[in-house]
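In: Provide a 3D model corresponding to the input given below.
(one chain, ligands or ions: 1)
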Amino acid sequence: MYKENSALLSNQKNNFSTEHVQILIIEDDYEDVEILKTLLSQHKYSLERITHAQSIGEGIACLQSPGHNIQLVILDLSLPDAQGLDTYHSIYAHCSKIPIIIHSGNIDESIAIEAVQRGAQDYLVKGKFDGHLLSRTIRYGLERHQQFLELQCEKQKLQTVTAALMASNQQLEAMNQMLGQLAIIDELTQIHNRRRFDEVLWTEWRRLAREESPLSLIMCDVDNFKAYNDAYGHPAGDRCLQQVATAISNVVHRPADLVARYGGEEFALILPNTDLKGVTRIAKEIQDAVQKLNLRHNTSKISDQVTLSLGVASMIPHQNVAPGQLIESADRALYKAKTLGRNQMQVSLPDLESAIIEVRKASQKAKEFCQSLKLAHYSLTHSKRLEKSQRCQTAQLGW
Ligand SMILES: [Mg+2]
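Out: Numbering: from 1, shown residues only. As a prediction, the model looks like this:
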């Protein structure tokens, strides 16, 4: 469509002078045809470039002939094979890209208006116009139609550009989504990576501190994994990690639970709203799931198959305590599991963790108190006014 309109525009721009305009007159009355030709020749239109058809059928055949150069149609509405506006519609259906001027003996104004509303360039009543008006009507008709075609071309270009932009945007969105996934997914195991683990731990820590609900963590390590790599090769080691990651992922089902590759052969699970009893049960299920993999590990010091050591911790987060505290607790439990012979789960003692949190809270309070003392001392030293002294007392009491 765009190329078709462009070609038409190019053709018309080169042939707009009166002597070059190609006109098709569809008229069954030879006397009217002669009148039109006379008027046109008086205004330098070339009679050689005027084609005549006596009926709709002839006119359509002319417009459908390959390579025709007709630029404008002068159409009688009363023909042997069509009458009234049906005549116009029949021609328009075959040459919507060529301007049409109605040439009719019907003086009904409503028909003239309707014809123009439906796309005719003008409506000339037979015997009511001279050569000047006819020539001007043809020129304006050609110009208006060219402007219309130019607008159509611009619209089509715009639609093409818009479609291309939309396609590019969709590609960009898809790439952004892919990049977003790549940024949080571990390439080898296709579970979440350390970066995502850190993000989620912070988010859940703050959320559960507000809710005063427990947050649990499991840190687990594939036992003697270096020996596995040495014995079976790194590709086999990679496949082992992939299978272990899948086995761990299959144990947890809640949307908020997160399984991540913490680094190397170490995995971590974040389990929101899960108490110590719950996380201990899940850790046991993970141990069982890895055991069911039955991955041979002949160079392991503790078993003939791949096993896990697990450290478990659970606490109610506090806004004055960093989530690193939970990681440290689970890490200590994991270290203990390794120290005691691996292939086992150890639990971080909740009482100890609570005590640590209380100590940290007290430490924070102490810092605030020291800060308030410093501020109060500064006021007393630099002011002799009574209210400054009172402010000092207020600060201390407030604490
Ligand atoms: Mg007629």
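In: residues near Lys284, how many?
Out: Here the neighbour count serves as a burial measure; for Lys284 (other C-beta atoms under 10 Å) it reads 14. For every residue, glycine as well, the C-beta is placed using N, CA and C.
In: now do the SS call for His318.
Out: For His318, the assignment made with DSSP: H, G, I helix; E, B strand; the rest coil gives coil.
In: please begin residue numbering at 52 from this point
Out: All set: I'll call the first residue 52, so the last point we hit is now His369.
In: so it sits right up against Lys412, yeah?
Out: Yes - between His369 and Lys412 there is a contact at 6.7 Å, judged by C-beta atoms under 8 Å.
In: of the two, which one has the most company?
Out: A side-by-side neighbour count of His369 and Lys412, using other C-beta under 10 Å, places His369 first with 17 against 14.
In: phi and psi next, for the residue of the stretch 252-401 of the chain at minimum distance from the ion.
Out: With C-beta to the ion, the shortest gap between the stretch 252-401 of the chain and the ion falls at Pro306, namely 78.3 Å. Geometry field for Pro306 lists phi and psi as phi -60, psi -30, criterion degrees, to the nearest 10.
In: could you list the residues of the stretch 52-201 of the chain in contact with the ion?
Out: If contacts are counted using C-beta under 5 Å from the ion, the residues of the stretch 52-201 of the chain sitting beside the ion are Asp79, Asp80, Asp127, Ser129.
In: tell me the most packed of those residues, by neighbour count.
Out: If you count neighbours using other C-beta under 10 Å, the busiest of these is Asp127, which has 26 neighbours.
In: how about that one, what does it touch?
Out: Going by C-beta atoms under 8 Å, 6 or more residues apart in numbering, Asp127 touches Ile77, Glu78, Asp79, Asp80, Asp83, Thr138, His154, Ser155.
In: now which of these would you call buried?
Out: Restricting these to buried positions leaves Ile77, Glu78, Asp79, Asp83, Thr138, His154, Ser155, with burial counted as 16 or more other C-beta atoms under 10 Å.
In: the second one reaches Ile107, doesn't it?
Out: No - counting by C-beta under 8 Å, Glu78 does not reach Ile107; the two are 11.3 Å apart.
In: give me phi/psi at the residue of the stretch 152-301 of the chain with the smallest separation from the ion?
Out: Among residues of the stretch 152-301 of the chain, the one nearest the ion by C-beta to the ion turns out to be Gly156. It sits 7.2 Å away. Dihedral angles of Gly156 (phi, psi; degrees, to the nearest 10) stand at phi -90, psi -10.
In: what's the nearest residue to Asp181 if we skip its chain neighbours?
Out: Leu90 (7.0 Å; C-beta to C-beta, 6 or more residues apart in numbering).
In: next, count neighbours for that neighbour.
Out: Summarising burial for Leu90: neighbours were counted as other C-beta under 10 Å, giving 17.
In: which residue packs closest to the residue of the stretch 152-301 of the chain closest to the ion, ignoring adjacent ones?
Out: Take Gly156 and drop its neighbours on the chain: the residue closest to it by C-beta to C-beta, 6+ apart is Lys177, 4.6 Å away.
In: my guess is the one you found contacts Asp83, does it?
Out: Yes - because the distance of 6.3 Å satisfies C-beta under 8 Å, Lys177 is recorded as touching Asp83.
In: who touches both of the two?
Out: When contacts are counted by C-beta under 8 Å, 6+ apart, Lys177 and Asp83 have His154 as shared neighbours.
In: how much space between Arg190 and Ile107?
Out: Counting by C-beta to C-beta, to the nearest Å, the gap between Arg190 and Ile107 amounts to 26 Å.
In: which of those two has more neighbours?
Out: Between Arg190 and Ile107, Ile107 has the larger neighbour count (other C-beta under 10 Å), namely 22 against 16.
In: rewinding a little: pull the contacting residues for the residue of the stretch 152-301 of the chain closest to the ion.
Out: The neighbourhood of Gly156, defined by C-beta under 8 Å, 6+ apart, consists of Ser129, Val176, Lys177, Gly178.
In: and what of Ile333?
Out: By C-beta under 8 Å, 6+ apart, the contact set of Ile333 is Ile269, Val302, Val303, Leu320, Leu322, Thr325.
In: what would those residues look like in a markdown table with distance to Met396, pLDDT and secondary structure?
Out: A markdown table is the format used below for these (distance: C-beta to C-beta, whole Å; pLDDT from 0 to 100; DSSP: H, G, I helix; E, B strand; the rest coil):
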| residue | distance to Met396 | pLDDT | secondary structure |
| --- | --- | --- | --- |
| Ile269 | 8 | 98 | strand |
| Val302 | 13 | 97 | coil |
| Val303 | 16 | 96 | coil |
| Leu320 | 12 | 98 | strand |
| Leu322 | 14 | 98 | strand |
| Thr325 | 15 | 96 | coil |
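In: can I get stretch 357-370 as PDB, trimmed to CA atoms?
Out: Below are the C-alpha coordinates for stretch 357-370, written out as PDB (Å, rounded to 0.1, in the frame of the first residue of the first chain):
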ATOM      1  CA  VAL A 357      27.400 -37.800  48.100                       C
ATOM      2  CA  THR A 358      26.200 -36.400  51.500                       C
ATOM      3  CA  LEU A 359      25.400 -33.000  53.000                       C
ATOM      4  CA  SER A 360      26.300 -31.200  56.200                       C
ATOM      5  CA  LEU A 361      23.700 -28.800  57.300                       C
ATOM      6  CA  GLY A 362      23.500 -25.900  59.700                       C
ATOM      7  CA  VAL A 363      20.100 -24.700  60.900                       C
ATOM      8  CA  ALA A 364      19.200 -21.400  62.600                       C
ATOM      9  CA  SER A 365      15.900 -19.700  63.400                       C
ATOM     10  CA  MET A 366      15.200 -16.400  65.100                       C
ATOM     11  CA  ILE A 367      12.700 -13.600  65.200                       C
ATOM     12  CA  PRO A 368      14.300 -10.700  63.400                       C
ATOM     13  CA  HIS A 369      14.800  -7.300  65.100                       C
ATOM     14  CA  GLN A 370      15.200  -4.000  63.400                       C
END
